[in-house]
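Participant: Build me a model:
(chains A and B)
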Amino acid sequence: MLNVRDLKVSYGGIEVVHGVSLDVAAGECVALIGANGAGKSSTLKAICGLVPASGGAISFEGRDITRASGHAIVRAGITMCPEGRQVFPQMSVIQNLRMGAYTRNDPEQEADLSRMMDMFPILRERQSQAAGKLSGGEQEMLAIARALMARPRICLFDEPSLGLAPKIVASVFETLARIKAMGMTILLVEQNSMMALGLADRAYLFEAGRIVMEGAAKDLKNHPDVMRAYLGH
Amino acid sequence: MKRFLPLLPWLLALAVLALLPQLLTVKYYLHLSILALIWVVVAQGQNLIQGFTGYVSIVQAGFMGIGAYGSTLIGLHFQWPLWATIAMAPLITALFALATGYPSLRVKGHYFAIVTLAFNLIIVIVLVNYSELTKGEAGISNIPKPWGGSREAFYYLALVLAASLTLLAALISRSRVGEILLAIRQNEDLVAAVGIAAWKYKLFAFVVSAMYAGLGGALYAHFQGFINPEIFGVAQSLDAILAVILGGSGTIAGPAIGAFLVVFLPELLRFADSFRLILYGLILVLATIFMPIGIVGIAKAAFARIMRREARHGG
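Facilitator: Residues are numbered from 1 along each chain as shown, chains lettered A, B, ... in the order given. Next up is the predicted model:
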């Protein structure tokens, strides 16, 4: 579904992603794991057009999207849930969700809206509150629900656990598991390798801008190198 | 009935403003009121890009200058009728805003402010040095005035334009486009992430804000009958920014109130003689530090507090 070939990303002449290739099949949940600064987020941002690729090719459902603009990529069916619980702080919860459906013009948006609030009861409770007044965990739920409102064919999550308390992290991952069970294709960037490998079907391990290991998530989880370096064993 | 309650202060303000020429016995105050109404137009434009979109632009007076010189020079060289030249002013300004907005909106925050400031400096330099056309620092005098220079008539022209452009700003802010401008101010990266081409909306806000300034500049030229480059310098762009901040950034009433403040405050401080501008500066600094939400913001907060208290006492 999503194919990345030899992707390179540079910031101001300094290359941070040195030729990365990865694939995500429909219905799959794929995790990109690795240390801070390994190039995971940059790869994700290049896929959704937020930073330009300096080399390589990205295609989605057979269509080349390497040079496509960010909003064109959303329209193609790729939605990103950016890191850091991104919401529109002065808008209400409901307005935030409606903004998520911006690219759609089908009549089912209202139905989706109530489906999201069934899925996240806390959002129904707080529907007319300003999003900036929600707690961190609630904002992350809103950010996830907002991403789903676009009815993406693949959803990209950038560090959904960043800056959240362990208990909240667990509930965010439960939510991701439910979304996965619904059949959503997911590409997840996460520093919390343990959580990410527990959720994903497959994973790629990043180190210094390169993929150094790939395979089934459960194999990576039990690989001695990964255990030593990233899982704290 | 309740739906129309928020309109009541507006209607009252309009009624007072409509009667003002009859109430003012000192002609100089009528003169200042006309300038203030012109500044309402300029400040409402500034509010579109600064208040709603969150991009502080420092070229509003430069755009006024383009409107003022545009209208004056077209009248002078092509003998177009006065109304046609005034109508051309916002269109010419829009072209300049398109050309300058496209590159400058690529940068954010302070960088955007500095790029627009540079454009204002360039506009003034061109107005000073291209003297075959603009008559340089000496400026252009004897610019035609409508209705044989009647102040009362010009007052009502300025009032009608200020009121309708305020209404237009309100309509824009409540539209789908306005909602996206507010979203850009709150979280521009997220706007891109939900699939909106933010640059189109930013450029729209910048160009419309420039058109307001261009029209304001043309009105200024045909009211005063004299323009020179100095009038359209960075200092006046800062006045536009201050009008928005003092009145209440991102509100509709704010820029209108702020416009009257930046015109009348320096005049009311004349008693301080040579300390006048120092005092004016001090007031602005203190106001910006202690009331960043502006007069309208403070009034709204106070009103909300009163309403809550009423509700608590079973009122």
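Participant: contacts, neighbours, all on C-alpha from now
Facilitator: Noted.
Participant: Check the burial of residue A:178 by counting its neighbours.
Facilitator: 13 (other Cα atoms under 10 Å in any protein chain shown).
Participant: who in the stretch 101-250 of chain B is up against chain A?
Facilitator: Those residues of the stretch 101-250 of chain B that sit near chain A, judged by Cα under 8 Å from any Cα of the partner chain, are B:183, B:186-187, B:190, B:192-197.
Participant: isn't there a strand covering residue A:6?
Facilitator: Yes - assessed by DSSP: H, G, I helix; E, B strand; the rest coil, residue A:6 belongs to a strand.
Participant: where does the residue nearest to it when sequence neighbours are not counted land on pLDDT?
Facilitator: Of all residues not flanking residue A:6 in the chain, residue A:19 sits nearest, at 4.0 Å (Cα to Cα, 6 or more residues apart in numbering or on different chains). You'll see residue A:19 listed with a pLDDT of 93.
Participant: In contact with residue A:19, which residues are there?
Facilitator: A:5-8, A:55-56, A:209-210 (Cα atoms under 8 Å, 6 or more residues apart in numbering or on different chains).
Participant: and whichever residue of chain A sits closest to chain B, what is it in contact with?
Facilitator: Residue nearest to chain B within chain A: residue A:71 (3.9 Å; Cα to the nearest Cα). Applying Cα under 8 Å, 6+ apart to residue A:71 gives the contacts B:192-197.
Participant: longest helix anywhere in the chain?
Facilitator: No chain in the question, so chain A it is. helix A:166-181 (DSSP state H).
Participant: ah, I was thinking of chain B
Facilitator: Under DSSP H, chain B gives helix B:198-224 as its longest helix.
Participant: Tell me which residues of that one come out buried.
Facilitator: Within helix B:198-224, the residues that count as buried by 16 or more other Cα atoms under 10 Å in any protein chain shown are B:198-199, B:201-224.
Participant: swap in stretch B:286-306?
Facilitator: Buried, per 16+ other Cα under 10 Å, within stretch B:286-306: B:287, B:291-297.
Participant: Which one of those residues is nearest to residue A:29?
Facilitator: Minimum separation from residue A:29 among these (Cα to Cα) is found for residue B:293, which lies at 45.9 Å.
Participant: Surely that closest one and residue B:248 touch.
Facilitator: Yes - with contact defined as Cα atoms under 8 Å, residue B:293 and residue B:248 form a contacting pair (5.5 Å).
Participant: ok, how many other residues are close to residue B:66?
Facilitator: 28.
Participant: Now do the contacts for it.
Facilitator: Taking Cα under 8 Å, 6+ apart as the test, what residue B:66 contacts is B:89, B:92-93, B:123, B:214, B:217.
Participant: can you tell me which two in these are farthest apart?
Facilitator: B:89 and B:123 (15.3 Å).
Participant: Between these two, which has more neighbouring residues?
Facilitator: Between residue B:89 and residue B:123, residue B:89 has the larger neighbour count (other Cα under 10 Å), namely 30 against 20.
Participant: Surely that one and residue B:68 touch.
Facilitator: Yes - with contact defined as Cα under 8 Å, residue B:89 counts as touching residue B:68 (7.0 Å).
Participant: that older thread, could the contacts of residue B:66 be laid out in a markdown table, adding pLDDT?
Facilitator: Formatted as a markdown table, the contacts of residue B:66 follow (pLDDT from 0 to 100):
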| residue | pLDDT |
| --- | --- |
| B:89 | 97 |
| B:92 | 97 |
| B:93 | 98 |
| B:123 | 97 |
| B:214 | 98 |
| B:217 | 98 |
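Participant: Going by distance to chain A, which of those residues wins?
Facilitator: residue B:93 (29.2 Å).
Participant: Tell me who's in contact with the closest one.
Facilitator: B:63, B:66-67, B:210-211, B:213-214.
Participant: which among the contacts of residue A:71 end up buried?
Facilitator: Members of these classed as buried by 16+ other Cα under 10 Å are B:192-196.
Participant: Looking at these, which two lie furthest apart in space?
Facilitator: Largest pairwise distance in the buried ones among the contacts of residue A:71, by Cα to Cα, is 7.4 Å, between B:193 and B:196.
Participant: phi, psi of the residue nearest the centre of chain A?
Facilitator: Residue closest to the mean C-alpha point of chain A, counted by Cα atoms, centre = their mean, is residue A:157 at 1.2 Å. The phi/psi pair for residue A:157 (degrees, to the nearest 10) reads phi -110, psi 130.
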